[in-house]
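Asks: I need the structure of the sequence given here:
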Amino acid sequence: MFEVLIQVCCPHCKGTKIKKNGRKANGQQNYRCHSCDKQFQDRYFYRGADPSIKQQMVSMTLHASGIRDIGHVLELYPSSIVDSLRRHSRKIKEPAFQGYYEEVEVDEFWSFVDQRKKRKRWCWYVWARKERKILAFHIGRRNQSACQSLYAKLKNLTIGRFYTDDYKAYSKVLPADRHTIGKEHTTHIERLNRGFRTHLKRLTRRTVCHSRDDEMHYLIIKMYINHRNAA
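Replies: Have a look, this model is predicted:
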C-alpha cells in the first residue's frame with residue numbers, strides 16, 4: 001500500500017499554509033488559508049462558487065465577452081454570472097492618485113443603459129500622458145455639471161496642463177491658464193476610447209449586449225479602469 005500526499009494550495013493567494021476547517025453540509029472538506037484567511041474547498045459541486053471560475057468570469061468580461069457568452073462557455077446561468085461580477089466589482093475602489101501630473105487629456109464617450117435612445121450615459125475621464133494611467137472618471141450626462149463632478153475628483157492632484165476638444169463644458173470648468181483646446185492634442189485618449197469599446201462588449205455602439213441598470217454599468221467600467229491601471 002502506498003500513501004500519496006497531495007499539496008493543497010489556496011486558490012485566492014496561492015499560499016501553502018493551509019489547515020482543515022470542518023466540512024460543508026454536503027460533506028465536502030473545507031480549508032482555511034493562514035496567509036489570506038479565506039476559506040475554500042478543493043472541489044466544488046457548484047461551479048459558480050469555484051474561485052478559478054469566478055476569475056475566468058472577470059477575465060472574459062474584460063476581453064469582450066458578454067454575460068450570455070460567458071454562460072455558454074462556463075456552463076453557468078447568466079444571473080449567477082451577473083451576481084458574481086457585481087460582488088467582485090463592488091470591492092474595487094475608484095482611482096485615488098495623488099501628486100503632480102504634467103500633462104493630462106480629458107474626454108468623454110457615450111454608451112447607454114437599457115434603452116439606446118432614451119438612456120444615454122457619458123463616461124468622462126482623465127488620462128495622464130506620461131504615466132499612462134486613468135486618474136479619475138465620472139459617468140453621467142453630457143453637460144457642465146458632469147464635467148464639474150469629474151474635475152472635483154482631481155482635488156488631490158496637481159495638473160500642469162489639460163488637453164481637451166472644443167466641447168464648451170471644458171472651457172467653463174477647467175482653469176483657462178492651464179487648458180489647451182484642439183483635436184490634435186487628444187489623439188491618445190481618442191485611441192483609448194476605442195480600447196474601452198473593444199474590451200467591453202456592452203460599450204459597443206451597435207450591440208444587443210448592454211447594461212440593464214446604472215449600477216452594473218458603473219461597476220463594469222470601474223473594473224475595467226482598475227484592470228487597465230494595474231497593467
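
Asks: use CA for all of it now, contacts and neighbours both
Replies: Will do.

Asks: Contact partners for residue 37?
Replies: Residue 37 makes no contacts at all, as judged by C-alpha atoms under 8 Å, 6 or more residues apart in numbering.

Asks: next one: residue 159
Replies: Neighbours of residue 159 in contact, by C-alpha under 8 Å, 6+ apart: 100-104.

Asks: for residue 106, phi and psi?
Replies: The phi/psi pair for residue 106 (degrees, to the nearest 10) reads phi -130, psi 130.

Asks: Contacts only, for it.
Replies: 124-127, 162-164, 186, 189.

Asks: Try it again at 10 Å.
Replies: With contacts defined as C-alpha atoms under 10 Å, 6 or more residues apart in numbering, residue 106 is in contact with 124-128, 134, 136-137, 147, 150-151, 162-165, 170, 185-186, 189-190.

Asks: Look up how far residue 127 lies from residue 91.
Replies: 23 Å (C-alpha to C-alpha, to the nearest Å).

Asks: Quick check on these two: which one has the bigger neighbour count.
Replies: residue 127 (23 against 10; other C-alpha atoms under 10 Å).

Asks: Just say helix, strand or coil for the more buried one.
Replies: Under DSSP: H, G, I helix; E, B strand; the rest coil, residue 127 falls in the strand class.

Asks: Now do it against residue 163, distance only.
Replies: With C-alpha to C-alpha as the criterion, residue 127 and residue 163 are 10 Å apart.

Asks: Check residue 70 too.
Replies: 38 Å.

Asks: Could you check which of the two is surrounded by more residues?
Replies: residue 163 (24 against 20).

Asks: I'd assumed residue 181 was in contact with the more buried one.
Replies: Yes - using C-alpha atoms under 10 Å, residue 163 is in contact with residue 181, at 5.9 Å.

Asks: Pull up the overlap in contacts between those two.
Replies: With C-alpha under 10 Å, 6+ apart as the test, residue 163 and residue 181 both reach residue 170.

Asks: Could you give the number of residues near residue 39?
Replies: Neighbours around residue 39, by other C-alpha under 10 Å: 17.

Asks: Return the residues in contact with it.
Replies: 10-12, 18-21, 30-33.

Asks: And the longest helix belonging to the chain, what does it pack against?
Replies: When the chain is scanned for its longest helix (criterion: DSSP state H), the result is helix 214-230. In terms of contacts (3 or more C-alpha pairs under 10 Å, 6 or more residues apart in numbering; DSSP states H and E), helix 214-230 is packed against helix 51-61, helix 78-90, strand 99-112, strand 120-128, strand 133-140, helix 187-199.

Asks: Break the protein down into its structural domains.
Replies: 1-43, 47-91, 99-230 (automatic domain parsing).

Asks: Let's have these in a markdown table, adding mean pLDDT.
Replies: Shown next, in a markdown table, are these (pLDDT from 0 to 100):
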| stretch | mean pLDDT |
| --- | --- |
| domain 1-43 | 75 |
| domain 47-91 | 92 |
| domain 99-230 | 95 |
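
Asks: Residue 69 contacts residue 78, correct?
Replies: Yes - counting by C-alpha under 10 Å, residue 69 does reach residue 78; the two are 9.0 Å apart.

Asks: Switch the helices and strands packed on helix 214-230 over to JSON lines; also include distance to residue 37.
Replies: Shown next, in JSON lines, are these (distance: least, C-alpha to C-alpha, whole Å):
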{"stretch": "helix 51-61", "distance to residue 37": "15"}
{"stretch": "helix 78-90", "distance to residue 37": "18"}
{"stretch": "strand 99-112", "distance to residue 37": "34"}
{"stretch": "strand 120-128", "distance to residue 37": "36"}
{"stretch": "strand 133-140", "distance to residue 37": "32"}
{"stretch": "helix 187-199", "distance to residue 37": "33"}
